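**Q** this is a predicted model, with the sequence first.
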Amino acid sequence: MKKIFLSVALIMAIVASSFAQMTKEEEKEWAHKIKSLTPATYKQLVEEKSALEAANLKLKQENDVLKAQVSDLNTKLKEAQAAQEARKQEAATQAPANTMAAKGVVYKVQIGAFKNKDLSKYFDNNKNFSGEVDADGTKKYTLGSFPTYWEADNFKKYLREMGVSDAWVVAYKDGQRVELKDALEGTL
């Protein structure tokens, strides 16, 4: 009996503190609701309140975790955007790779020479694809730029395995085509 009395007293205290803010009609309505409250109903309300408070706390914790994840992802996004912008600026300041203006001796793999095929529109999108035009109008197309003959030769072998049977290694010194033999002998 004491428990019921304490429960009702607690409810009345809570209601009384909220009565100061209620109108007379609201007071009557809540007084009627309190009178109709049974101990089982009160117990159920308290248990529901506890469960809702626990669920609310769990949701707040999940919200905090998600906010931290969003913050981390925003930080990573800003870093990636800054890195991308730096790469763009770096690429803009460097000379295009297909201008054949590399210093020293480099080796490339020529994949074909054509009089009637013009593939130069692909140079801008593919920095390792380049070409040149001979005096007679023959267009020679190369792939890659390798510091050693052996790297270029390995690439040539891969191309031949893929079906580019006319692939061969050519040499360039300071952007100008030179004889492969001279480049390999080091007489340049």
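**A** Everything's here; your move.

**Q** for the rest of this, base every contact and every neighbour count on C-alpha atoms.
**A** Fine.

**Q** got any ranges where the protein has weak pLDDT?
**A** Filtered on pLDDT under 70, the chain yields the residue ranges 1-20, 91-102, 187-188.

**Q** so where do the helices sit in it?
**A** Assigned by DSSP state H, the helices in the chain fall at 2-19, 24-35, 39-93, 149-161, 180-185.

**Q** so what's the residue nearest to Gln110 when sequence neighbours are not counted bridging to?
**A** Using C-alpha to C-alpha, 6 or more residues apart in numbering and skipping the chain neighbours, the partner closest in space to Gln110 is Thr142 (4.1 Å). Per DSSP bridges, the residues bridged to Thr142 are Gln110, Ser130.

**Q** okay if I get the helices of the chain as CSV plus mean neighbour count and distance to Asp118?
**A** Putting the helices of the chain into CSV (neighbours: other C-alpha atoms under 10 Å; distance: least, C-alpha to C-alpha, whole Å) gives the following:
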stretch, mean neighbour count, distance to Asp118
helix 2-19, 13, 86
helix 24-35, 12, 88
helix 39-93, 12, 26
helix 149-161, 17, 21
helix 180-185, 13, 25
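
**Q** can you redo these as JSON lines with distance to Asp174?
**A** Listed next are the helices of the chain as JSON lines, based on distance: least, C-alpha to C-alpha, whole Å:
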{"stretch": "helix 2-19", "distance to Asp174": "89"}
{"stretch": "helix 24-35", "distance to Asp174": "93"}
{"stretch": "helix 39-93", "distance to Asp174": "19"}
{"stretch": "helix 149-161", "distance to Asp174": "16"}
{"stretch": "helix 180-185", "distance to Asp174": "12"}
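
**Q** identify whichever of these lies nearest to Lys127.
**A** Comparing the helices of the chain against Lys127 with C-alpha to C-alpha, the closest turns out to be helix 39-93 (11.0 Å).

**Q** could you check the angle the closest one makes with helix 24-35?
**A** 110 degrees (axes from the mean of the first three to the mean of the last three C-alpha atoms, to 10 degrees).

**Q** just checking, what packs against helix 39-93?
**A** When contacts are defined as 3 or more C-alpha pairs under 8 Å, 6 or more residues apart in numbering; DSSP states H and E, helix 39-93 packs onto helix 2-19.

**Q** count of residues packed around the residue nearest to Gln110?
**A** Neighbour count of Thr142, defined by other C-alpha atoms under 10 Å: 22.

**Q** go on, Lys139?
**A** 19.

**Q** and it, what does it touch?
**A** 113-115, 117-118, 131-133 (C-alpha atoms under 8 Å, 6 or more residues apart in numbering).

**Q** rerun that using 10 Å as the cut-off
**A** Listed by C-alpha atoms under 10 Å, 6 or more residues apart in numbering, the contact set of Lys139 reads 112-120, 131-133.

**Q** ok, now Pro147?
**A** 104-108, 171.

**Q** by neighbours, which of the contacts of Lys139 wins?
**A** Gly131 (20 neighbours).
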